[in-house]
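# No letters, just coordinates:
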């Protein structure tokens, strides 16, 4: 049943997100075509100014495109969660022989798939942007740096790769579950549900920022011994950092999951 | 049929796009300024598809070179990297180099002209790379393979009884910009003989004090092909209508070791002629000893 839920979530998400991904590809391709007119040695000042303007603008557009692609994926997934469970469509979905956990799990899984799609899209758009020999050289450079890191300290390098991967995956999971929670809290209101959801999100986000800032300030004023330890053991410090981050993500994920499940089970408001 | 034409047109467009989209100016610029070591000994380098061999000047001899300081059209520095280092990381893991000019001392081209990048270049690398600083490393030079034997021979057997001085010359760079530069010019044989003869005589000026000479022509000892030079400098100075020549090691000799040999009456006219031909009021640019 969960598989069917994912399948029926897939098509609306694809319909909404595919244009954004295609636009990103388009911007990358336009930028690559602009690069064909890259400065030659005897080009005139006016031509070089026009080229610089076009190139800079297209690069800014591309960066914006990446940001939009990433954020849009998360927002569209949250909107899809709301539409599927708390809007008119919710009347049907909540009567299906599926537990709230399964609903949340299905939405989470389909959202994660599209988050992965967005990452792949950004990667492929970068390949388009740097298509040619430059692309090959970039990957050669990355491979060389990675090789040097492994040769210098294989254990720490592999641990960092694993930690970063896990952090990114659980980062997406925690963000999605947080968004689901905000949507679930928002649906409690009779009017302006989306506004409440947005407000809750910003509230939670602000509290998170305060907590992180307090932590960093605490670290900054922690004293000479701590600073010395960080300076002498940078790898261990970053391992601790990632573990802490992962722990925070787990806490947010579980809290979000259980809260969403509770609200979906006990406080469903389809009015 | 329509579908076939459409597919073919798309395929051709894709191929053309692939070819045209493959260029990158930044990468081409890097290739122009980056050389690759042929092996781990770093004795040979491939730069712009030409082989360069390492040459180490003797302690007392230096290669004659100068920076391409006025012709900004062409790059003046780059990097040398090992073959396994990607070209994009040349700056981070390569060794910094400068592109120098040296003189093509053929008789029909006695004056140095700002060289184009495809002509006669030497490379040198600094001792402090951006990786780990190797404080035991020294500056080294790489000479084009076809000129290597000339330099090697000059270092081993070169007769440094010739002299060069700096003369002004008008240059035009690749963009058409005109400027004045100083170039190394070999002193003709007749003057060289007079200088060498004068330095052997015993007519030494006794009372020497600071600022007594109003005009001084400075020469540097070099080989006949102007490939290498020594630490010795020769100065021809004018005082009270007479000419005096001294030779000293510009790094070792103190002011108290000056021996000013007086030019004989028979050679005075020639030296006066030489002075008027080569004396410069000021120097326009840097040159390297």
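Looks like it came in fine. Remember, it's a predicted structure, so these values are computed and weren't measured experimentally. Numbers count the residues shown, from 1 in each chain, chains lettered A, B, ... in the order given.
# Which neighbouring elements make contact with the helix or strand where residue A:79 lies?
Under the criterion of DSSP states H and E, residue A:79 resides in helix A:45-86. Using 3 or more Cβ pairs under 8 Å, 6 or more residues apart in numbering or on different chains; DSSP states H and E as the contact test, the elements touching helix A:45-86 are helix A:2-35, helix A:88-93, helix A:100-129, helix A:154-186, helix A:193-220. Glycine gets a C-beta too; all of them are placed from N, C-alpha and C.
# Throw these into JSON lines and include mean pLDDT and distance to residue A:64, thanks.
Putting the helices and strands packed on helix A:45-86 into JSON lines (pLDDT from 0 to 100; distance: least, Cβ to Cβ, whole Å) gives the following:
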{"stretch": "helix A:2-35", "mean pLDDT": "87", "distance to residue A:64": "9"}
{"stretch": "helix A:88-93", "mean pLDDT": "84", "distance to residue A:64": "32"}
{"stretch": "helix A:100-129", "mean pLDDT": "92", "distance to residue A:64": "12"}
{"stretch": "helix A:154-186", "mean pLDDT": "93", "distance to residue A:64": "20"}
{"stretch": "helix A:193-220", "mean pLDDT": "89", "distance to residue A:64": "21"}
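# right, and those helices - which one's nearest residue B:225?
helix A:2-35 (46.4 Å; Cβ to Cβ).
# picking up where we left off before, between the helices and strands packed on helix A:45-86, which gets nearest to chain B?
Nearest of the helices and strands packed on helix A:45-86 to chain B, taken as Cβ to the nearest Cβ: helix A:2-35 at 5.7 Å.
# For the closest one, which residues meet the burial criterion?
Neighbour counts over helix A:2-35 (16 or more other Cβ atoms under 10 Å in any protein chain shown) mark A:5-6, A:9, A:12-13, A:16-17, A:20-21, A:24, A:27-32, A:35 as buried.
# Let's test this: mean pLDDT of stretch B:167-186, rounded?
The average pLDDT within stretch B:167-186 is 75.
# what about it, start to end distance?
Distance across stretch B:167-186, first residue to last, is 10 Å (Cα to Cα, to the nearest Å).
# Buried residues in it, which are they?
Applying a neighbour-count criterion of 16+ other Cβ under 10 Å, one finds B:167, B:168, B:169, B:171, B:173, B:181, B:182, B:183, B:184, B:185, B:186 buried in stretch B:167-186.
# And the furthest pair within the residues you listed?
Spatially, the most separated pair among the buried residues of stretch B:167-186 is B:173 and B:186, at 24.2 Å (Cβ to Cβ).
# For residue 264, give me its contacts.
You didn't say which chain, so I picked chain A. Neighbour list for residue A:264: A:85, A:100, A:103, A:104, A:184 [criterion: Cβ atoms under 8 Å, 6 or more residues apart in numbering or on different chains].
# hmm, I had chain B in mind actually
B:198, B:201, B:203.
# Ramachandran coordinates for the closest residue to residue B:259 other than its chain neighbours?
Excluding the flanking residues, the one nearest residue B:259 by Cβ to Cβ, 6 or more residues apart in numbering or on different chains is residue B:204, at 5.4 Å. With angles defined as degrees, to the nearest 10, residue B:204 sits at phi -100, psi 140.
# Shouldn't residue A:149 be within a helix?
Yes: when DSSP: H, G, I helix; E, B strand; the rest coil is applied, residue A:149 is found to be in a helix.
# any chance you could map the helices in chain B?
Under the criterion DSSP state H, chain B contains helices at B:2-20, B:25-33, B:90-93, B:145-157, B:189-200, B:265-278.
# For chain A, which of those helices is the nearest?
Once those are compared by Cβ to the nearest Cβ, helix B:25-33 is nearest, at 4.3 Å.
# mean confidence for that closest one?
pLDDT averaged over helix B:25-33 gives 82.
# Now rank the contacts of residue B:264 by neighbours and give me the top one.
residue B:198 (22 neighbours; other Cβ atoms under 10 Å in any protein chain shown).
# Many thanks, I have nothing further to ask.
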